[in-house]
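Trainee: model the following, please.
(2 chains)
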There are 2 protein chains.
Amino acid sequence: MRLKINKEFPFPVYLQIKNSIKEQILTGILPPGFVLPPERKLADSNGVSRTTVIRAYDELKALGLVESYIGKGTVVTERREPDTSNKQSYVFPLSWYPLFDKKLGYVSDTITDIMNVGHQKDMISFAAGVGDPDLYPIKQLKAIQAERAYNSEALNLCAVEGYYPLRESLSKLMQFRSLSVSPKEVMILSGSMQGIDFTARTFLSPGDAVIVEEPTFLQAIQCFRAAGAKIIGIPLDDEGIRTDVLEAQLSRYKPKFIYTIPTFHNPTGIVMSMKRKMELLHLAYKYQVPVLEDDPYGEISFDQQERPPLKALDSYDYVIYLGTFSKVLFSGTRVGWVIGPEPVMKRFALLKQITDLHVNTPGQFMLDRYLREGFYEAHLKNELAVYKKKRDFMAAALRQNHGLIAFNVPDGGYYHWCRIPEQVSQKDLLSLCASKGMLFTPGTVFYPQESDGAHFLRLNYTYESFERITKGVAILIEALEKLNGQKTEDRVHRENRPIV
Amino acid sequence: MRLKINKEFPFPVYLQIKNSIKEQILTGILPPGFVLPPERKLADSNGVSRTTVIRAYDELKALGLVESYIGKGTVVTERREPDTSNKQSYVFPLSWYPLFDKKLGYVSDTITDIMNVGHQKDMISFAAGVGDPDLYPIKQLKAIQAERAYNSEALNLCAVEGYYPLRESLSKLMQFRSLSVSPKEVMILSGSMQGIDFTARTFLSPGDAVIVEEPTFLQAIQCFRAAGAKIIGIPLDDEGIRTDVLEAQLSRYKPKFIYTIPTFHNPTGIVMSMKRKMELLHLAYKYQVPVLEDDPYGEISFDQQERPPLKALDSYDYVIYLGTFSKVLFSGTRVGWVIGPEPVMKRFALLKQITDLHVNTPGQFMLDRYLREGFYEAHLKNELAVYKKKRDFMAAALRQNHGLIAFNVPDGGYYHWCRIPEQVSQKDLLSLCASKGMLFTPGTVFYPQESDGAHFLRLNYTYESFERITKGVAILIEALEKLNGQKTEDRVHRENRPIV
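Mentor: Residues are numbered from 1 along each chain as shown, chains lettered A, B, ... in the order given. Now for the predicted structure:
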């Protein structure tokens, strides 16, 4: 009998023997009634001890897969039939898809794909929204983890609403975003994305309308789509959301809430003007619609200008505010927070209780200590200097584009949002760039109607090194030139042909 | 003008001034047209520098809350009206509850309450399902975190399905639970609870039926209820789920899936017999119903007996298996995993992508290294010796109950499941015990129909010290005696009264 045994493996040989035989029984290679080799024989032929084989056989017996008979040896058990009169020997494979809830079918896996490709070390990635890993304050964090105070409490359960000391620290941090809130008004979430999901789960039933900016954060689109909602996109101009269009749609669709990224909008980098902010709030008040404000980039600001979040201007508690550590510090700990009206916070606590109980305690503990030590502000200052340089560096590289790329330089955030010639297919561009070792995020994923983003791309400038930014942009421009040239040639060819 | 300034606070005074004035403006204490004190005057009266006040006033201007006029000073801005013809001066407070999705209304916050009370240091808690913090391997984990290999990678994004090395380590660990799976078949989740939530989100639409054991894990009940499902409870006996009742309900309700905890069931500690396991699987095959197997306690086994999970016996891939580190190691990192059929795993990856992207990377990194170093097995062995002692210790204390508590000693898991006299109100008992400094979990929360659990309680024996177990059980028995005696007296009084 052939067995898959590898003595280099870090788990015991008896388990390998047992699982190998088990597999052969379950897949039918060893049929019921089959007599297994005597223990000594199997041991010798595989170069293992008899005790090892005995242990494997014993566990197979415990699983009910084999039985021992004196004189006959160890025999594969006959399949047990259920205790029902209606016996049935053939088991149908389960058809899973018809059992699934229909709504989720619409979610695409572009992000999963991009994240997986982005993890190939040699691939230059302008695709993900992550910071520069060289700036991660790994030394300070290791020092925190080595402290005596980092004890078993950091590994234990914490309250559903979050680790209280971190909620305190965040209430202090929020002062810098013009928000005065008590620690009890801050709830910790598994990334600010969980706040989007919780808002969808709190407000949306299938068929409900929700308003987003167009373009917008793609996970928000996916999340609202998975909730079965009708997604109404409102166009942006250089002052942010077009409030004139918004009012028309508010009265038409009666949406459950408005999702907005007012400061250094993703993917466009646009900042909503103060006038628009006031108009947006007044429309929310007038039409009695809550506002979900997503603010991951508010602190990534390259000038000294203050840009208060909507929540700071909202005197009537219509705004649910989402913050995160993912852009200023790092994304891996998945720690974000929400500040919102009491009834919403209560609902979120119930959702947290039934989904994942609380945010990982070690991450909360570490981030709280980091804030208390005053490391955060120093880190931010240093980081902003680097990201500003990278923004300018990528912008300078992009300007060598021979008229193929149009973009505005943003005052903050993570991205250059670029327009490409209409005749270049985004899909072809993505394939060509990927084959040369560079990845970007196609504009289509940021639009409720994907085709609306066909002539845009989002380039992240924070993650890669200066050297790789140069290389990556060169790949992009070369690819654009090639595809644009082909198209021009195609057209020239077509135009030169006699019209039949 | 009165300002809330505290120079001991770790954030700048100018921010305190700004936010204090902002609050007074937004709450109407300072009306539109109100003239703020001249900068120097405010500085002097509050003992701060003039620059500080200037900075605060500047930021209030940026917020649009005040305006400066030469000769007049700094004045609170008139409220801006929206740019619409239909002017409206009064803003209605938003009525949140009518906007909420109705299903969630049924979720109770018992657990949030118990978790919050359980965090009071002096409270003896038999309520939570957590391990002994004194056993947490904090030293080994600190050593791992201090390693050179613990670098910025541990803080970065990881794949939606989880950190690949951990998936490898788990595929090896699963060999010990008789499961042969490749790393790609293991997906990391934010606790195994997230697997329950994802299964609910994948399969359940409002009105769908789902089968659970009765009693069962309370978060599962809450999660299915929040999905709007009809929850069908199947009774247990000492061999586990009653398959005769199950078959009747399967044909009647056509449920979307069966949720079961076959090994050291929560809260009862019952182990499903091999015969029942085979019957359950054959019923699943016959009625084409998936099985969600929750296995948090499988490794907390006090004898040497092997108890294979359903997943190991399932030759036709009907079982979705959930594992977790929460019971063997600690709950705070919120790391669990799922092993299931490919279509289900794909669906879960999409859900992960729209809810919280991935499990926190530092936790995954740490646990992977912990497994690779071989620490896990040694820890488990040591822990089982302690928990077995604690189980017996609490059992011995409970036996001093003068006929007021009935219970079976489980072969594994975390809990004693106890029956109390029918005449004792569980609510009164909980209040009385809490007032004396002891907390347990009332049986009601484990039943779809809460009243079915009115005469049961769940006592965790792993968390508290031996000394506190003694104290806590004494409080329980004393409270039971008191309440039981009162009831008996009441009855005697009533019986002695003349019948009117």
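Trainee: and the helices in the stretch 351-500 of chain A?
Mentor: In the stretch 351-500 of chain A, the helices defined using DSSP state H, counting those that start in this stretch lie at A:361-372, A:375-398, A:426-435, A:466-496.
Trainee: just the stretch 51-200 of chain A next, same as before
Mentor: Under DSSP H, counting those that start in this stretch, the stretch 51-200 of chain A gives helices at A:110-118, A:138-146, A:164-173, A:192-203.
Trainee: please identify the most buried of the helices of the stretch 351-500 of chain A.
Mentor: With neighbours taken as mean count of other Cβ atoms under 10 Å in any protein chain shown, the helices of the stretch 351-500 of chain A reach their highest mean count in helix A:361-372, at a mean of 23. Yep, even glycine has a C-beta here, placed from its N, CA and C like the rest.
Trainee: from the chain's centre, how far out does that helix sit?
Mentor: 22 Å (Cα atoms, centre = their mean, to the nearest Å).
Trainee: cool, and stretch A:191-203?
Mentor: 13 Å.
Trainee: quick one: is that stretch near chain B?
Mentor: Yes - on the criterion Cβ under 8 Å from any Cβ of the partner chain, stretch A:191-203 is in touch with chain B at A:191, A:193-194, A:197, A:201-203.
Trainee: A:Arg242 and B:Gly129, how far apart?
Mentor: 51 Å (Cβ to Cβ, to the nearest Å).
Trainee: sorry, wrong one. I was asking about A:Lys327.
Mentor: 35 Å.
Trainee: neighbour count winner among those two?
Mentor: Comparing A:Lys327 with B:Gly129 by other Cβ atoms under 10 Å in any protein chain shown, the one with more neighbours is A:Lys327, at 25 against 21.
Trainee: so the more buried one sits against A:Asp132, correct?
Mentor: No - in this structure, A:Lys327 is not within contact of A:Asp132 by Cβ atoms under 8 Å, at 11.3 Å.
Trainee: before we move on, the earlier item: tabulate the residues of stretch A:191-203 next to chain B (JSON lines), appending distance to A:Val359.
Mentor: As requested, the residues of stretch A:191-203 next to chain B are arranged in JSON lines below (distance: Cβ to Cβ, whole Å):
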{"residue": "A:Gly191", "distance to A:Val359": "9"}
{"residue": "A:Met193", "distance to A:Val359": "12"}
{"residue": "A:Gln194", "distance to A:Val359": "9"}
{"residue": "A:Asp197", "distance to A:Val359": "14"}
{"residue": "A:Arg201", "distance to A:Val359": "17"}
{"residue": "A:Thr202", "distance to A:Val359": "18"}
{"residue": "A:Phe203", "distance to A:Val359": "22"}
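Trainee: redo these as CSV? Include pLDDT.
Mentor: Putting the residues of stretch A:191-203 next to chain B into CSV (pLDDT from 0 to 100) gives the following:
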residue, pLDDT
A:Gly191, 95
A:Met193, 96
A:Gln194, 97
A:Asp197, 97
A:Arg201, 94
A:Thr202, 95
A:Phe203, 96
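Trainee: among those residues, who's most crowded?
Mentor: Result: A:Gln194 is most packed of the residues of stretch A:191-203 next to chain B (other Cβ under 10 Å), 28 neighbours.
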